[in-house]
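Colleague: Coordinates only, no sequence provided:
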């Protein structure tokens with residue numbers, strides 16, 4: 001459903017700029033099912049699928065979708081495609097990294113293609129191109 005149709009939606013969700021969104025609140029948790037996040041701050045919840053154009057991700061669980069640009073502060077990335085942006089911290093479980101800057105966090109598995117890795121822990125995956133500055137490589 002549209003954000004405007006949700007009773008008791010959190011203010012951060014109301015303030016966001018979105019397009020064609022399908023969102024629910026399930027047991028107090030924001031669940032983004034599909035649509036485009038154009039800009040704003042995501043505070044917490046579960047992202048099932050959709051397109052993230054830009055904005056600030058504070059915390060939550062990313063299930064799948066395409067991240068185009070923005071800042072990721074923390075949370076769990078389950079799967080999807082990262083195209084650009086700044087990853088500050090969190091856990092990357094799987095997915096495809098195309099470009100961007102990784103400051104810190106835990107990489108479990110996935111495909112890395114270009115970007116800058118500043119620090120963090122790499123467990124497993126495929127590294128295609130990019131710049132590695134520091135961190136722990138366990139692959």
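Modeller: That came in fine, so what should we check first? Remember, predicted model here, so these are calculated numbers, not experimental data. Numbering: from 1, shown residues only.
Colleague: Could you give the bridge partners of residue 116?
Modeller: Assessed by DSSP bridges, residue 116 has beta-bridge partners residue 101, residue 131.
Colleague: Same check on the one 5 residues further on?
Modeller: Bridge pairing for residue 121 (DSSP bridges) gives the partners residue 106, residue 136.
Colleague: Run a quick neighbour tally on it.
Modeller: 14 (other CB atoms under 10 Å). In short, each C-beta sits where N, CA and C put it, glycine included.
Colleague: ok, now residue 136?
Modeller: 11.
Colleague: Please apply the same query to residue 45.
Modeller: Residue 45: 23 neighbours (other CB under 10 Å).
Colleague: which helices and strands sit right next to the worst-scoring helix or strand of the chain on mean pLDDT?
Modeller: Least confident helix or strand, the chain: strand 136-137 with a mean of 94, by mean pLDDT, DSSP states H and E. With contacts defined as 3 or more CB pairs under 8 Å, 6 or more residues apart in numbering; DSSP states H and E, strand 136-137 has these neighbours: strand 121-122.
Colleague: and after the strand it packs on, which helix or strand comes next?
Modeller: strand 126-127 (DSSP states H and E).
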